[in-house]
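1. Sharing a model that was predicted from the sequence below.
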Amino acid sequence: MNDRLSQARADKAAAFLVSKGIPAARVIAVGRGPREPLPNLAPTDQANRRVQVRRLNPPSDQAG
């Protein structure tokens, strides 16, 4: 169940980014569920219900 909720949260965040103009091909949504809790927190801590966004640089042949 937590995996489904985590993926749904990631999908909503991805949809928001796409709605703001980010090309869908550049957005990847990955729900991690309880597999990757923040260090020093219990897996059930509400702070682990989060979405992380990472900006990746384009490959050097696409930069520019």
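-> Yes, it's here.
2. For this protein, which residues score under the pLDDT cut-off?
-> Counting by pLDDT under 70, the chain shows low-confidence ranges at 1, 43, 59-64.
3. quick one, helices of it?
-> Here the chain has its helices, by DSSP state H, at 2-19.
4. I figured Gly33 hits Asp3, correct?
-> Yes - when contacts are counted by C-beta atoms under 8 Å, Gly33 is listed as touching Asp3 (3.9 Å). C-beta here means a position set from N, CA and C on the backbone, and glycine is covered the same way.
5. Those two: who's more crowded?
-> Neighbours around Gly33 and Asp3, counted as other C-beta atoms under 10 Å, are more numerous at Gly33. The numbers are 17 against 12.
6. Distance-wise, check the more buried one relative to Arg9.
-> Distance from Gly33 to Arg9, counting by C-beta to C-beta, to the nearest Å: 10 Å.
7. same question, Ala24
-> Taken as C-beta to C-beta, the span from Ala24 to Arg9 is 18 Å.
8. In terms of neighbours, single out the busier of the two.
-> Using other C-beta under 10 Å as the criterion, Ala24 and Arg9 rank with Arg9 on top: 17 against 10.
9. what sits against the more buried one?
-> 31, 49, 51 (C-beta atoms under 8 Å, 6 or more residues apart in numbering).
10. how about 10 Å then?
-> Going by C-beta atoms under 10 Å, 6 or more residues apart in numbering, Arg9 touches 29, 31-33, 49-51.
11. For Gly21, give its distance to Val27.
-> 11 Å.
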